[in-house]
Structures are given as C-alpha cells and as structure tokens.
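Visitor: generate coordinates for the sequence data below:
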Amino acid sequence: MVAFPLSRRQALAGAAALGLAGTARAEDFPSRPVRIVVAFAAGSEPDILARRLGASMERSLGVPVVIDNRPGANTVIAANHVAQSKPDGYTILLTSSTTFSTLPHLYRKPRIDTTQFAPLSLLMRAQMALYCNVKLPVKTAKELVDWAMAQTQPVPYAANPGAIGNLCGELMMQQTGLKLTDIPFSGTPVAQQLVMRGDVPFTFDGVAAYMELVRDNQIRALAVTGHQAVPGLPGIQTFAEAGYPDMAMPYWYGMFAPAATPKPIIDRLVSAIHDGQKNATSVEQFIRQGAELIGNNPDEFATMISTERDKWGALIKRINLQLD
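Guide: You can find the predicted model right below:
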C-alpha cells in the first residue's frame, strides 16, 4: 500500500478532531470505575491509605474506586504497569518516595522512566518506626544497638534493598558501627511474621499496620524516625530522644497518572484526592499514627519530588549504596 502525505489543512483538521474527541472524553470522565494501583501488599500502610482515600474519592467521583495491589521489585512492578496504561485517568498509581526519590540513584540501569508519569498530588507524609521481636531483651533503640553490637555475626533484619526501611538500616550502621544483613520480604505482613517468629530480630516499617500488634504485645516498638512522638505508639521515643538525631527520615506517599493524561482529567482526579484528604475520619486516623494528610497541586508536587530526589541522592551517595 502506498502512503500519501496529508496536506497541511488535512493534518490540522485531523488534529482538531482528535482534540475535540479528547475533550469529549475528558468531559465524560469518569464514566466507569477508577483503579488505584498500589505498589505495596495488602495490609501495608499505603494499602490502608489507598482504601480509606479510595472510599472518599468514590463519593466525589460518583463511580467505584478499585484498589489493585501490585507489590514487588521495590515498587517497579506497579509503576511500570501504570506507565504502560492508557492515559485516560482510569488507572493511577499510589506509591512512595522510593519510586521517584530513591530508585533513580540506586541502580546503574534505571528501572523506571519517571518522565512516563504525570504527578497528581502528595497524599501523606509519614515516618518509620523500629520494631523488634518481643522476646528480644531490649526496650529502646539504644538497648537494641548495644545488643546487636554484642553479637559475633552481622545481625539480620527485614529490609528490601533500596527501600526506605533499608536506608534507615544503612543510616543506623553508619552512625553506630553496627554490622547488619538485610533480609528481603514481599510485603509488610511477611515482615511482621518474620519478626514475630524470630526469624529476624527487627525491622523498620510504617506505623499504621503495626499499631494493633504493638498494643497486643505481639511486636515491640522501640523508636520512631520523625521529629515528634506518635500518638498511636504511646511512650515510644523518637530516635533523636534516643541519642540518634540523624535518623529523622520522614517519607511520603503520592498519586500519579500516566503521562499525556488530559489536563481536565488530571484536575478532576486531583480535586477528588483533595476531597478525600479532608475526610475527618481519615485525618484523625492518620494523626494517631504520626502522619499528615497533605495535598498539593501537580506543579508543586513535581517541584517537591525534584528537591527530595536530590536530598535522597546525597544520602545514598554518602552511604555508598549501589544496587545492580
């Protein structure tokens, strides 16, 4: 078949028609369920965030919001799935600062292309906590460090290489001289089981999925990484109070759409996200775990990501962490 070049008038007419079609689709959005692809396992802190936020977004959008957990490969599996999805607003990504702030510095060959995403909004700033097996003879972070220093072999802990919990462990080694070995896991529920069974003595993880386990004395909390105590973990020191001020490493969760998603659809999604963040019940629940539901607009979010990527990059370079 011979291809004939379009005239300029034909090309402009075709582009205008496509633009009108795109506008019509944007005006009809949403007309079916929206899917939030979560880069973490069911039962994890970001999964809890997605389900609470999704329930509020349903009321704003007027359609069901479906949670699709796709954990694995340090958030890469979920991110690449969304990057390859149609830019129509019906498939969006909920992930952490790991994806956009740390992964670009960790691998010699990039695992995702960050230009394939359109930032929507910051969702939440949160902090990690240090948890240990309840049979371990320690009650504070300092006691854990002393116990670990007395061991003759490197101490294992649950951590996925390159994730925020692993960076906390790397900082701990740098500041204390400890020798640790990271043991990868496939999601927060698995890390919890590893700690409760005593397969590993401790881990760093978020707060939401651990509060009941700590309350029921199934797992012990030793310290939190933020600048202030967590209401949901009463009596637990910050790392600064425990004598380790440089362990304060808050992280964030955010929402993204595939690049080329039309602006009217992005605006509609951002509005629904912000409505969900104002839900009084959700706000109170996350305050208890030491987190803040904070929204911003796409441009502000993009600027924040760029700034924090530089900060995490400086840390990763300082601790000389490189993954293949």
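Visitor: could you use CA atoms for every contact and neighbour count after this?
Guide: Fine.
Visitor: show me where pLDDT drops low in the stretch 1-150 of the chain?
Guide: 1-25 (pLDDT under 70).
Visitor: kindly recompute the last result at 90.
Guide: For the stretch 1-150 of the chain, the stretches flagged by pLDDT under 90 are 1-28, 43-45, 48, 72-74, 101-102, 104-111, 125-128.
Visitor: mind listing the strands for it?
Guide: Taking DSSP state E, counting those that start in this stretch, the strands of the stretch 1-150 of the chain run over residues 34-38, 65-69, 91-96, 117-126, 129-132.
Visitor: would you list these in JSON lines and tack on mean neighbour count and distance to Arg215?
Guide: JSON lines is the format used below for the strands of the stretch 1-150 of the chain (neighbours: other Cα atoms under 10 Å; distance: least, Cα to Cα, whole Å):
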{"stretch": "strand 34-38", "mean neighbour count": "23", "distance to Arg215": "27"}
{"stretch": "strand 65-69", "mean neighbour count": "20", "distance to Arg215": "27"}
{"stretch": "strand 91-96", "mean neighbour count": "26", "distance to Arg215": "26"}
{"stretch": "strand 117-126", "mean neighbour count": "24", "distance to Arg215": "20"}
{"stretch": "strand 129-132", "mean neighbour count": "26", "distance to Arg215": "12"}
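Visitor: check contacts around the residue nearest the centre of the chain.
Guide: By Cα atoms, centre = their mean, the chain has its centre lying nearest to Ser96, at 1.9 Å. By Cα atoms under 8 Å, 6 or more residues apart in numbering, Ser96 lies in contact with 46, 251-254.
Visitor: out of the residues you listed, name the ones that lie in helices.
Guide: Judged by DSSP state H, these include Pro46 as members of helices.
Visitor: next one: Ser56 from Pro156, what distance?
Guide: 40 Å (Cα to Cα, to the nearest Å).
Visitor: any idea how far Arg35 is from Ala221?
Guide: 34 Å.
Visitor: picking that back up, who has more neighbours, Ser56 and Pro156?
Guide: Using other Cα atoms under 10 Å as the criterion, Ser56 and Pro156 rank with Ser56 on top: 21 against 17.
Visitor: how far away is the nearest residue to that one once chain neighbours are set aside from Thr225?
Guide: Distances taken as Cα to Cα, 6 or more residues apart in numbering put Gly276 closest to Ser56, at 4.7 Å, once the chain neighbours are dropped. Going from Gly276 to Thr225 by Cα to Cα gives 26 Å.
Visitor: quick one, which of these two is more surrounded?
Guide: Neighbour tally, Gly276 and Thr225, criterion other Cα under 10 Å: the higher count belongs to Thr225, 27 against 24.
Visitor: surely that one meets Tyr131?
Guide: No. Thr225 is beyond contact range of Tyr131, at 11.6 Å (criterion: Cα atoms under 8 Å).
Visitor: what's the average pLDDT for the strand or helix carrying Thr307?
Guide: Using DSSP states H and E, Thr307 falls within helix 298-318. The average pLDDT within helix 298-318 is 89.
Visitor: report the contact partners of Gly206.
Guide: Contacts of Gly206 (Cα under 8 Å, 6+ apart): 45, 126-129.
Visitor: give me the number of residues near Gly235?
Guide: Residues lying near Gly235 (other Cα under 10 Å) number 12.
Visitor: how near is the closest residue to it other than its chain neighbours to Gln151?
Guide: Sequence neighbours aside, Ala229 is the residue nearest to Gly235 in space, at 8.0 Å (criterion: Cα to Cα, 6+ apart). As judged by Cα to Cα, Ala229 and Gln151 stand 30 Å apart.
Visitor: of these two, which one has the most company?
Guide: Set Ala229 next to Gln151 and count neighbours by other Cα under 10 Å: Ala229 wins out with 20 against 11.
Visitor: and that one, how far is that from Leu144?
Guide: Distance, Ala229 to Leu144, using Cα to Cα: 19 Å.
Visitor: try Arg32
Guide: If you measure Arg32 against Leu144 using Cα to Cα, the figure is 51 Å.
Visitor: more neighbours: those two, which one.
Guide: The residue with more neighbours, out of Arg32 and Leu144, is Leu144; 19 against 13, by other Cα under 10 Å.
Visitor: what ranges do the helices span in this protein?
Guide: Assigned by DSSP H, the chain shows helices spanning 8-28, 45-61, 76-83, 97, 103-106, 141-149, 164-176, 188-197, 211-215, 263-277, 280-288, 298-318.
Visitor: could you dump those helices into TSV with distance to Ser121 added?
Guide: Below are those laid out as TSV (distance: least, Cα to Cα, whole Å):
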stretch	distance to Ser121
helix 8-28	19
helix 45-61	13
helix 76-83	16
helix 97	12
helix 103-106	19
helix 141-149	34
helix 164-176	20
helix 188-197	24
helix 211-215	27
helix 263-277	6
helix 280-288	16
helix 298-318	6
